[in-house]
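Asks: no sequence for this one, just the structure:
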C-alpha cells in the first residue's frame with residue numbers, strides 16, 4: 001500500500017467524525033482508531049516480515065519535542081525562513097547511511113526536489129524532497145529521533 005495513500009487516509013480521518021477505519025489490500029491490513037486527539041495506527045505486514053503487528057502512530061514526542069518548542073518560543077533566536085515539515089510519522093535520518101555525509105547542512109543551497117533527509121516508517125526508507133528551493137537556515141531535529149506527521153524539520157530561506 002502506498003504511504004501517500006495512508007497519509008491521505010489519516011488526514012481524512014483526522015478531519016472527520018469517524019473514530020475507526022479498517023482497510024485490507026491483499027495481505028496488507030491497516031486499522032486506524034482515533035482516541036480523542038491521538039490517532040493510533042495498527043498494521044499487519046505479510047507473513048514474510050514477522051515484525052511486531054502493532055505500532056502506535058504517536059512515538060514519544062515529549063522527549064524530543066522540547067527543542068523545537070523552545071526554539072519557537074524564543075522568536076528572536078528563530079532564523080527567518082519557511083518551515084519544511086515531515087510528511088509522515090517515522091524516524092528522521094540526516095544521511096543515507098551512518099558513515100555518509102548528511103544530505104544537507106546549515107548554509108547549504110537546495111533546489112526544489114532535492115533529497116534533504118530520510119524518514120523511516122514501517123521499515124521503509126522514505127527520501128524526503130524539498131518542496132521549494134532556498135538556503136538551509138536551521139535543522140530542527142537530531143539524527144535518529146522520532147518525528148510526527150507535520151512536525152517542523154528544517155527552516156529554509158527561499159531564494
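Replies: Structure's in. What do you need? If you're wondering where the values come from, they're calculated on a predicted model, not measured in any experiment. Numbers count the residues shown, from 1 in each chain.

Asks: Tell me the gap between stretch 22-36 and the middle of its chain.
Replies: Its chain's C-alpha centre and that of stretch 22-36 lie 19 Å apart, by C-alpha atoms, centre = their mean, to the nearest Å.

Asks: What of stretch 97-116?
Replies: 16 Å.

Asks: Stretch 21-34 now?
Replies: For stretch 21-34, the distance from its own C-alpha centre to the chain's C-alpha centre is 20 Å (C-alpha atoms, centre = their mean).

Asks: Which secondary structure state is assigned to residue 113?
Replies: Of the three states, residue 113 takes coil under DSSP: H, G, I helix; E, B strand; the rest coil.

Asks: what number of residues lie near it?
Replies: Residue 113 is flanked by 11 other residues according to other C-beta atoms under 10 Å. Placement of C-beta: from N, CA and C, glycine included.

Asks: Repeat that for the one 5 residues further on.
Replies: Residue neighbour count, defined by other C-beta under 10 Å, stands at 20 for residue 118.

Asks: what about it, which SS state?
Replies: Looking at residue 118 with three-state DSSP, the answer is strand.
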